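Asker: Got a predicted model here, sequence first, then my questions.
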Amino acid sequence: MTFDITKCREDENGHLIARTRDGRRVRILCTDAASSEPIVGLVLGDREESAESWHLNGLWHPHGSYPDWDLVNEPATHTVTVFLFRNGVVTTVDVAYGDVNPRELRGHDARKVITITEGEGL
């Protein structure tokens with residue numbers, strides 16, 4: 001998986017958020033430091049944050065010797081509502097896209113809201 005700074009989401013304070021390859025959250029502080037590693041961020045540890053820097057391609061070490069520290073983009077998530085009918089029909093509605101037609105959903109027997117993370121199975 002390659003890292004693309006333009007695909008980072010923002011947190012509630014407007015900071016860009018990425019992850020290390022081993023899953024730790026990184027709050028990006030800047031992407032233009034005067035260095036060969038211009039991305040500067042805080043890695044969330046067990047009890048505290050530690051400042052680290054990365055190359056523009058997200059590599060922590062130029063020779064790839066520590067790949068767990070490389071930056072990766074957080075996978076996108078989607079919240080969908082699944083409607084089940086006794087006749088076996090399953091209708092999935094992605095609320096974010098507003099594709100809900102209430103007439104088609106009348107008479108459903110069960111409904112479940114789920115969050116799906118891209119790249120992971122159900």
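Answerer: Here it is on my side, so go on. Just so we're clear, the structure is a prediction, and the values are computed from it rather than from any experiment.
Asker: all contacts plus neighbour counts: C-alpha atoms, from now on.
Answerer: Noted.
Asker: Can you report how many residues lie near G23?
Answerer: 14 (other C-alpha atoms under 10 Å).
Asker: Name the SS class of it, please.
Answerer: Taken by DSSP: H, G, I helix; E, B strand; the rest coil, the conformation at G23 corresponds to coil.
Asker: Going along the chain, name the helices of this structure.
Answerer: 102-105 (DSSP state H).
Asker: Quickly list the domain ranges of it.
Answerer: 5-72, 77-117 (automatic domain parsing).
Asker: Most tightly packed of these?
Answerer: domain 5-72 (a mean of 16; mean count of other C-alpha atoms under 10 Å).
Asker: can you tell me the distance between the two ends of that one?
Answerer: The first residue of domain 5-72 is 9 Å away from its last residue (C-alpha to C-alpha, to the nearest Å).
Asker: Check the gap between P67 and H61 for me.
Answerer: P67 is 8 Å from H61, by C-alpha to C-alpha.
Asker: Good, wrapping up.
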